[in-house]
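> A predicted structure for the sequence below; I have some questions about it.
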Amino acid sequence: MSKRLVVDPITRIEGHLRVEAQMQGNTIAEAYSSGTMVRGIEIILRGRDPRDAWAFAQRICGVCTLVHGIASVRAVEDALNYKIPANAQLIRNLMIAAQYVHDHVMHFYHLHALDWVDVVSALSADPAATSALASSLSNYPRSSPGYFSDVKKKLKTFVDQGQLGIFANGYWGHSAYKLPPEANLMAVAHYLDALEWQRDVVQLHTIFGGKNPHPNFLVGGVACSLDPNSDGAINIQTLSKISEVITKMEDFVNLAYLPDTLAIAGFYKEWGAIGEGVGNFLTYGDFPTGDTNDASTFLVPRGVILDRDLSTIHDVDLDEESQIQEFVDHSWYDYKGGAGTGLHPYKGETELNYTGPKPPYEQLDVNGGYSWLKSPRWKGKAMEVGPLSRMLMMYASGNNHAQELVNYTLKTLDVPVAALFSTLGRTAARTLETKIYLDFMRGWYNQLVANIKAGDLDTHNDALWDPKTWPKKAQGAGYMEAPRGALGHWIVIEDQKIANYQAVVPTTWNAGPRDLHGQAGPYEAALKGHVLANPEQPLEILRTIHSFDPCIACAVHLTGDDGEEMLQINVT
Ligand code: NFE
Ligand code: MG
């Protein structure tokens, strides 16, 4: 086996990810994606009360802090045929959208920007020219020469003391960085501003859910009350605070995130033809305005796009168990059915079987198992999930807002529609969808306020709260669009307890390994063909992997040492 370029760990992500790239000269001939951590939430859920599942499932991740809570309560509600009140649907939509805005801004500035922004170059920027640049892009308030001069001083102090801290160990000075010093300084300033901003905007979750990360949820509705006779109920003050938070989000997204994305992308247009991936896109859809299971009311439609063909959206039937299956032929798990077995999550198995080399090792044996992630497939095909899939689905299905934003972006950057299928397209899609959901937040907020004014204070359906009213056996699924893509939880309930629980998570779709037929997952396919300017500093690999916003904590949803017996791993 010839040697491969190994990047491990990939930094500025959540969780532990390793990429091995088989090089031909400076070109990536084949890439392999490996999740190198393993955890066991699905196992510890067995035997518990289904009404508690959300609180355990939510701990799968601290980045997408609420999505596993939502998917979990939706799964239980689906199993028990539990309808939730209109106010609960609105509050959930607001909370999901707030998660998107928070998570996507944080990803752009704190996880992805430094792939494009050279922090050290910012030291040679002229603050007055930076101010002129910033003012030409938007009316963002902190754009004076004095402000940029202060940021530059702060940065210089870090560098002079050799204490780059959060900015240490970047590939500063790499020839693939293209921004002028002024654009670099502006981006660093917004990086710091975004840290402050995110602290304020999480208050939407603390008001509706009591805390953040991991706000509280409730099977049958939401955990907050609108009833003025109830302690700690949402009142006029807290509602106006929610409105303020939405305004704060609008200001930052419209005046910094959106213009910064377009300005930075303008210097990296060639990335509109790099990192295409598998070319198949899947969404479960989200933001119900009626019943949770009526996909026709969703803002983000449910569907599949195949081979980059935007003229056809294929129907996804999530009740049809042959459509979504997980395979483990290149994963460190065993299925009772043996090689080539694909299992629908209701029948999912989580039996660990580590067959990889003993750590520390130089490279993985990619002919066998090489990841703790499974390989999910839709009708046997590898699918990309996430912001690009959602934007394509909205664009292709005729959503006016999405079409205007996409067309404006393509025109501003002067790139063809095909540029959407790329590293740049994935990153731009994340920004554009943030704008769409944020624009809807104001409407959901107004609707909630109108309902309250009309006397509708209902936030929870108590009808099925008593387990004695449940059937002896039930099963259900909870679907949602998490920031990183389509998320599903499947629950089997027997005798009022959880008999089986499976989650198939966005990063599993995107970062999973090859299947029995050698079909690469989206990360693996996207990296193929990358040319590295300097293989010692594989900045290009980071750009494309970060464009997917990995979360391996989600993707391999198991936990720590306390499940020792069930989680024993034999390293041979
Ligand atoms: Ni841990 Fe998550 C999102 C989910 S990703 S971040 O978004 O579900 O796999
Ligand atoms: Mg799973």
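Good, I have the coordinates. Numbering: from 1, shown residues only. Ligands and ions are numbered 1, 2, ... in the order given.
> looking at the protein, which helix or strand is least sure?
Least confident helix or strand, the chain: helix 564-567 with a mean of 34, by mean pLDDT, DSSP states H and E.
> which of the residues in stretch 485-496 are buried?
Residues of stretch 485-496 classed as buried under the neighbour-count rule (16 or more other Cβ atoms under 10 Å) are Gly485, Ala486, Leu487, Gly488, His489, Trp490, Ile491, Val492, Ile493, Gln496. All C-beta atoms are positioned from the backbone trio N, CA, C, and that covers glycine.
> any idea how far Ile246 is from the second one?
The one in question is Ala486. Applying Cβ to Cβ, to the nearest Å, one obtains 26 Å for the distance of Ala486 from Ile246.
> Over to the fifth one?
His489 is 28 Å from Ile246, where distance means Cβ to Cβ.
> got a markdown table for the buried residues of stretch 485-496, with distance to ligand 1 and secondary structure too?
Compiled in a markdown table, those are given as follows (distance: Cβ to the nearest ligand atom, whole Å; DSSP: H, G, I helix; E, B strand; the rest coil):
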| residue | distance to ligand 1 | secondary structure |
| --- | --- | --- |
| Gly485 | 7 | strand |
| Ala486 | 9 | strand |
| Leu487 | 4 | strand |
| Gly488 | 9 | strand |
| His489 | 9 | strand |
| Trp490 | 14 | strand |
| Ile491 | 16 | strand |
| Val492 | 20 | strand |
| Ile493 | 22 | strand |
| Gln496 | 27 | coil |
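> Wait, a helix at Arg390?
Yes - in this structure, Arg390 lies within a helix as judged by DSSP: H, G, I helix; E, B strand; the rest coil.
> Next up, the contacts around Lys156.
Leu123 (Cβ atoms under 8 Å, 6 or more residues apart in numbering).
> And the contacts of stretch 254-274?
Here stretch 254-274 has contacts from 104-105, 108, 113, 116-117, 137-141, 178-179, 183, 186-187, 190, 193-194, 409, 412-415, 418-419, 422-425, 427-428, 431, 434-435, 529-530, 540, 543-544, using Cβ under 8 Å, 6+ apart.
> Now the buried members of those residues.
With neighbours counted using 16+ other Cβ under 10 Å, the contacts of stretch 254-274 contain these buried positions: 104-105, 108, 113, 116-117, 137-138, 140, 179, 183, 186-187, 190, 193-194, 409, 413, 415, 419, 422-425, 427-428, 431, 434-435, 530, 540, 543-544.
> coming back round to it: turn the buried residues of stretch 485-496 into CSV, columns for pLDDT.
Listed next are the buried residues of stretch 485-496 as CSV, based on pLDDT from 0 to 100:
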residue, pLDDT
Gly485, 98
Ala486, 98
Leu487, 98
Gly488, 97
His489, 97
Trp490, 96
Ile491, 97
Val492, 96
Ile493, 98
Gln496, 97
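> So is the helix or strand hosting Glu433 next to ligand 1?
Glu433 is part of helix 423-453 when elements are defined by DSSP states H and E. No - applying Cβ under 6 Å from any ligand atom, one finds helix 423-453 separated from ligand 1 by no less than 11.0 Å.
> before we move on, the earlier item: return the subset of the buried ones among the contacts of stretch 254-274 lying in strands.
Among these, no member is found in strands (DSSP state E).
> Excluding covalently adjacent residues, which one is nearest to the residue nearest the centre of the chain?
By Cα atoms, centre = their mean, the chain has its centre lying nearest to Arg484, at 2.0 Å. Distances taken as Cβ to Cβ, 6 or more residues apart in numbering put Pro506 closest to Arg484, at 3.8 Å, once the chain neighbours are dropped.
> Am I right that the one you found is in contact with Cys554?
Yes - with contact defined as Cβ atoms under 8 Å, Pro506 and Cys554 form a contacting pair (7.0 Å).
> more crowded one of the two?
Pro506 (31 against 26; other Cβ atoms under 10 Å).
> do you know how far the more buried one is from Asn216?
In this structure, Pro506 lies at 23 Å from Asn216, with Cβ to Cβ as the measure.
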